[in-house]
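Student: sequence and predicted structure, then a few things I'm wondering about:
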Amino acid sequence: FSVAAAAILSITVVPILMAWFIRGRIRPENKNPLNRVLAFLYRPVIHGVLRAPWIILILALLLTATLYYPWNRLGSEFMPPLNEGTLLYMPVTQDPAVSIGEAATLLQQTDRILKTFPEVKTIFGEAGRAQTATDQSPLSMFDTVVNLKNPDQWPAGMTMQKLQSKMNKAMSIPGLSNIWTQPLKGRVDMLTTGLQTPLGIKIGGTDLDTLNRLGQELQTVLRKVPGTQSAYAAQVTGGRYIVVHTDRAKAARYGLSVADVNRLVETAIGGEVLTTA
């Protein structure tokens, strides 16, 4: 988008700005001292290249070949994490069939514990997902944004890593698996990899029971790895769902479509916003 916008501006706005600001007596290019110096340095180089094109081509290929060794050692793309000044606490319940009341109780409990830290400024938590197709968070996963005070207001010697470690120990609640990240980083990770955690392992297959068993085994092994703060295996089964099958013939007698029936069921179960003041 940036390149496209720059290209559009270069053929629309730039010519107008040139007409406005480039005025007066403009010296020819060959009389500009800087251009003359650059041309003086450039001419012998281009003449030498044109005299021996095959030698230059072979040297360029050899130079390109030397890049194989550093490229082979480069590994993967690396960018150090940026300190956003805010933490995103995303605990996940080990039971995916948690009720709305239990989810609200756990959310309030975690928020109260986090608010006791002197480094915390404000807390905002939510359970479930928003009414948008871009948010696939289940009810068993919470999002708690922990806004922190300025580091100069923290106790002496406190760092972000130490604070996160202390919070993780304080949030040792049975039935919850802790996930710590940052708001922007967490969203980017979920969009690019589909994982809520900075590091993750994906297992593919068709047998859900086998996937659950392998996930639990990996979770047990990863928790013993040095440096692991928490490990969580996503549950692909065990959730509770309501499946509504519409009798099309009976609905047609009342002049209702399947969409009308689904809309009524959705309103009856989860409610619907009628208006906004």
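Tutor: Sure, I can see it. Since we're looking at a predicted model, the values are computed, not measured. Residues are numbered from 1 along each chain as shown.

Student: run through the protein and note the low-pLDDT ranges.
Tutor: 75-79, 130-136, 238-239 (pLDDT under 70).

Student: just the helices in it please.
Tutor: Counting by DSSP state H, the chain has helices at residues 2-21, 33-51, 53-65, 68-74, 100-115, 160-170, 183-193, 208-223, 248-253, 258-270.

Student: can you put those helices in CSV and add distance to residue 234 and mean neighbour count?
Tutor: C-beta here means a position set from N, CA and C on the backbone, and glycine is covered the same way. CSV is the format used below for the helices of the chain (distance: least, Cβ to Cβ, whole Å; neighbours: other Cβ atoms under 10 Å):
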stretch, distance to residue 234, mean neighbour count
helix 2-21, 36, 9
helix 33-51, 58, 10
helix 53-65, 44, 10
helix 68-74, 31, 9
helix 100-115, 17, 15
helix 160-170, 19, 14
helix 183-193, 13, 14
helix 208-223, 7, 14
helix 248-253, 36, 10
helix 258-270, 24, 12
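
Student: rebuild these as TSV, extending it with distance to residue 199.
Tutor: Output for the helices of the chain, formatted as TSV (distance: least, Cβ to Cβ, whole Å):
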stretch	distance to residue 199
helix 2-21	30
helix 33-51	49
helix 53-65	34
helix 68-74	20
helix 100-115	22
helix 160-170	15
helix 183-193	10
helix 208-223	9
helix 248-253	48
helix 258-270	34
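
Student: closest to residue 80 out of these?
Tutor: Closest to residue 80 of those, according to Cβ to Cβ: helix 183-193, at 11.2 Å.

Student: okay, the closest one in PDB with CA atoms only?
Tutor: Provided in PDB are the C-alpha atoms of helix 183-193 (Å, rounded to 0.1, in the frame of the first residue of the first chain):
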ATOM      1  CA  PRO A 183      -1.500  -6.500  22.700                       C
ATOM      2  CA  LEU A 184       0.000  -5.700  19.300                       C
ATOM      3  CA  LYS A 185       2.400  -8.600  19.300                       C
ATOM      4  CA  GLY A 186      -0.300 -11.100  20.300                       C
ATOM      5  CA  ARG A 187      -2.700  -9.900  17.600                       C
ATOM      6  CA  VAL A 188       0.100 -10.100  15.000                       C
ATOM      7  CA  ASP A 189       1.100 -13.600  16.100                       C
ATOM      8  CA  MET A 190      -2.500 -14.800  15.900                       C
ATOM      9  CA  LEU A 191      -3.000 -13.300  12.500                       C
ATOM     10  CA  THR A 192       0.200 -14.700  11.000                       C
ATOM     11  CA  THR A 193       0.400 -18.100  12.800                       C
END
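
Student: surely residue 91 meets residue 172?
Tutor: No. Here residue 91 does not reach residue 172: they are 10.8 Å apart, not a contact under Cβ atoms under 8 Å.
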